[in-house]
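Asker: turn this into a model:
(2 chains)
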Amino acid sequence: MKIVGVAACTAGIAHTYLAKEKLVKAAQEAGHIVKIETQGTIGTEDELTAKEITDADVVIIAADISISGRERFKDKKVIQIPTHIAMKSPKALVKKIEAELNAASE
Amino acid sequence: MEELEVKLSELLDETAIDLEMDVQSKHEAIERLTDLLVFNGVIESKATFLEDVYEREAQGLTGIGNGIAIPHGKSAGVQKTSIAIGRSKNGLEWETLDEEPVQTIILFAVKESDKNNFHLKLLAKIAGALADEEVCHQVKNAGSVEEIIRALQEEK
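Answerer: Down below sits the predicted model:
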């Protein structure tokens, strides 16, 4: 599965980056291709390309604030969660997404 | 990334690490670490900084599990973006992801007007490193200042 996503938190200092790393690790461990954009104090890093978004099976938005560029995902399946969910149980989240996508394709 | 590796010292002065904090509460721990940064001259207004830290605390939990918390404040009270690290013998009550008490605290003090991407990227990298269970384990169990610095710098 190809996963793209965006992480953003209120302060944009710590949780954004922790959530990103947790999601990347959990997705990679489960054998998926993943890229997570961060929108923090530094600005946007690892910005998703149009192609990456087009190719993605699912978009995870792990954010405590409204993210910029949300319209990029208007035709995609989007899972929106607060950053603490991504930090606390990233593996369960990936499993849940797998299950949802499998159910949708059957 | 290599450049980031060797520059943790830009943010973290060894005198801002106290692995034997004698504190009884979250508030005491944050205050103690703030004092270390005040003493080092990187925080000029303790009151302003603490206010900003607690404002952030109110917005959501900073206990990231594994007995580690990362309180942080972006504040006009900060003169130079810095980190302080403390460990308490007592498990401290804290709002955490795993609802376990906190022993190790990494306090991020961010200068409000910091346009120094380098500092902020370094902080982001440290936060990201803490997503790794192994790094958390090493930080938690580090027996010396050197070990804790090494753990945070490790490339995963």
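
Asker: going by C-alpha atoms from here, please, whenever you check contacts or count neighbours.
Answerer: OK.

Asker: which residues in chain B form strands?
Answerer: Applying DSSP state E to chain B gives strands spanning B:12-21, B:63-65, B:68-69, B:72-75, B:82-92, B:102-111.

Asker: output the lowest mean pLDDT helix or strand found in chain A.
Answerer: helix A:90-105 (a mean of 91; mean pLDDT, DSSP states H and E).

Asker: whichever residue of chain A sits closest to chain B: neighbour count?
Answerer: For chain A and chain B, the shortest gap (CA to the nearest CA) falls at A:L18, measuring 4.4 Å. Neighbours of A:L18 under the rule other CA atoms under 10 Å in any protein chain shown: 26.

Asker: and it, what is it in contact with?
Answerer: A:87, B:127-131 (CA atoms under 8 Å, 6 or more residues apart in numbering or on different chains).

Asker: which two among those residues are spaced furthest apart?
Answerer: Longest distance between any two of these is 12.5 Å, between A:M87 and B:A129; criterion CA to CA.

Asker: quick one: low-confidence parts of chain B?
Answerer: Low-confidence segments of chain B (pLDDT under 70): B:1-6, B:154-156.

Asker: at 50 what do you get?
Answerer: B:1-2 (pLDDT under 50).

Asker: quick one: name the residues of it near chain A.
Answerer: B:56, B:59, B:61, B:64-65, B:70, B:72, B:74, B:97-98, B:117, B:120-121, B:123-125, B:127-132 (CA under 8 Å from any CA of the partner chain).

Asker: rewinding a little: which of the residues in the least confident helix or strand of chain A are buried?
Answerer: Neighbour counts over helix A:90-105 (16 or more other CA atoms under 10 Å in any protein chain shown) mark A:90-91, A:93-94, A:97-98 as buried.

Asker: is that helix anywhere near chain B?
Answerer: No - Helix A:90-105 does not reach chain B (CA under 8 Å from any CA); its nearest approach is 10.4 Å.

Asker: and that helix, what does it pack against?
Answerer: In terms of contacts (3 or more CA pairs under 8 Å, 6 or more residues apart in numbering or on different chains; DSSP states H and E), helix A:90-105 is packed against helix A:15-29.

Asker: could you give the mean pLDDT of the following helix or strand past the helix it packs on?
Answerer: Sequence order places strand A:33-40 as the next helix or strand after helix A:15-29, per DSSP states H and E. Across strand A:33-40, pLDDT averages out at 97.

Asker: strand A:33-40 and chain B in contact?
Answerer: No - counting by CA under 8 Å from any CA, chain B is not contacted by strand A:33-40; separation bottoms out at 9.0 Å.

Asker: can you name the residue of chain B nearest chain A?
Answerer: Closest approach of chain B to chain A (CA to the nearest CA) occurs at B:G128, with a separation of 4.4 Å.

Asker: could I get stretch B:26-39 in PDB with only the CA atoms?
Answerer: What follows is stretch B:26-39, C-alpha atoms only, in PDB (Å, rounded to 0.1, in the frame of the first residue of the first chain):
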ATOM      1  CA  LYS B  26       6.000  18.000  37.300                       C
ATOM      2  CA  HIS B  27       6.000  21.600  38.300                       C
ATOM      3  CA  GLU B  28       9.100  21.300  40.300                       C
ATOM      4  CA  ALA B  29      10.800  19.400  37.500                       C
ATOM      5  CA  ILE B  30       9.900  22.000  34.900                       C
ATOM      6  CA  GLU B  31      11.000  24.800  37.300                       C
ATOM      7  CA  ARG B  32      14.300  23.100  38.100                       C
ATOM      8  CA  LEU B  33      15.200  22.600  34.400                       C
ATOM      9  CA  THR B  34      14.100  26.200  33.700                       C
ATOM     10  CA  ASP B  35      16.400  27.400  36.400                       C
ATOM     11  CA  LEU B  36      19.400  25.600  34.800                       C
ATOM     12  CA  LEU B  37      18.700  27.500  31.600                       C
ATOM     13  CA  VAL B  38      18.200  30.800  33.400                       C
ATOM     14  CA  PHE B  39      21.600  30.100  35.100                       C
END
